[in-house]
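Asks: Provided below are the primary sequence and the corresponding predicted coordinates.
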Amino acid sequence: MSRKRFDEMNCSIARSLEQVGDWWTLLIVREAFFGTTAFSEFQEALGIAKNILTQRLDHLVANGIFERRQVRPGVERHEYFLTDKGRDLMPVLVALVQWGDRWLFGEGNEPLRVIDAEQRVQIAPLKVCDAAGREVAPSQLRFRPGPGATERTLRVFEERRSKRRAASIQ
């Protein structure tokens, strides 16, 4: 049975997961941030089967997250480098590291620390902030249709709003 595809959904989360939602994919991206570029290095670091690694790297290249470069002319060996689109995944990886440190490993047991290379100190936990830079708690967040919302998305939000109004009247 094949998995559901999200590439047609009108949702940034779903569409992002279509490109990077497989666990191997984000681990490959993580390795690239560590400086890994060669196929054999990715395979050794991750213990991933060659066919799976080939599929994931092809997917990452096709989606513009990695660039494949031939090592030198006449040699059928390539290296893989993050594009700007791939480097923009850094906050996603940092958020996962910090979430895992807090909820899976606990303070003092972190397997990895994210350090500011210039200041040589651990970075602060990522926070959601408003346009003025003030932290926003999850309870203060609301999701609303944006300019790219489809008719279906608009309808779903309107139905939810109607249900909330009806429930508050009762």
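Replies: Cool, the structure landed.

Asks: check which residues of stretch 21-33 are buried.
Replies: Using 16 or more other C-beta atoms under 10 Å as the test for burial, stretch 21-33 gives Asp22, Trp24, Thr25, Leu26, Leu27, Ile28, Val29, Arg30, Glu31, Ala32. For every residue, glycine as well, the C-beta is placed using N, CA and C.

Asks: mind putting those residues in a markdown table, pLDDT, secondary structure and distance to Arg155 included?
Replies: What follows is those, written out as a markdown table (pLDDT from 0 to 100; DSSP: H, G, I helix; E, B strand; the rest coil; distance: C-beta to C-beta, whole Å):
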| residue | pLDDT | secondary structure | distance to Arg155 |
| --- | --- | --- | --- |
| Asp22 | 85 | coil | 31 |
| Trp24 | 94 | helix | 36 |
| Thr25 | 94 | helix | 32 |
| Leu26 | 95 | helix | 33 |
| Leu27 | 97 | helix | 38 |
| Ile28 | 97 | helix | 38 |
| Val29 | 97 | helix | 35 |
| Arg30 | 97 | helix | 39 |
| Glu31 | 97 | helix | 42 |
| Ala32 | 98 | helix | 40 |
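
Asks: per-residue confidence at the closest residue to Val128 other than its chain neighbours?
Replies: Spatial nearest neighbour of Val128, chain neighbours left out: Val136 (5.0 Å); criterion: C-beta to C-beta, 6 or more residues apart in numbering. As predicted, Val136 sits at a pLDDT of 95.

Asks: identify the single longest helix in the protein, thanks.
Replies: helix 151-169 (DSSP state H).

Asks: just to revisit the earlier point, state the distance from the residue nearest to Val128 to Ile123.
Replies: The span separating Val136 from Ile123 equals 19 Å under the rule C-beta to C-beta, to the nearest Å.

Asks: next one: Lys4
Replies: Taking C-beta to C-beta as the measure, Lys4 falls 35 Å from Ile123.
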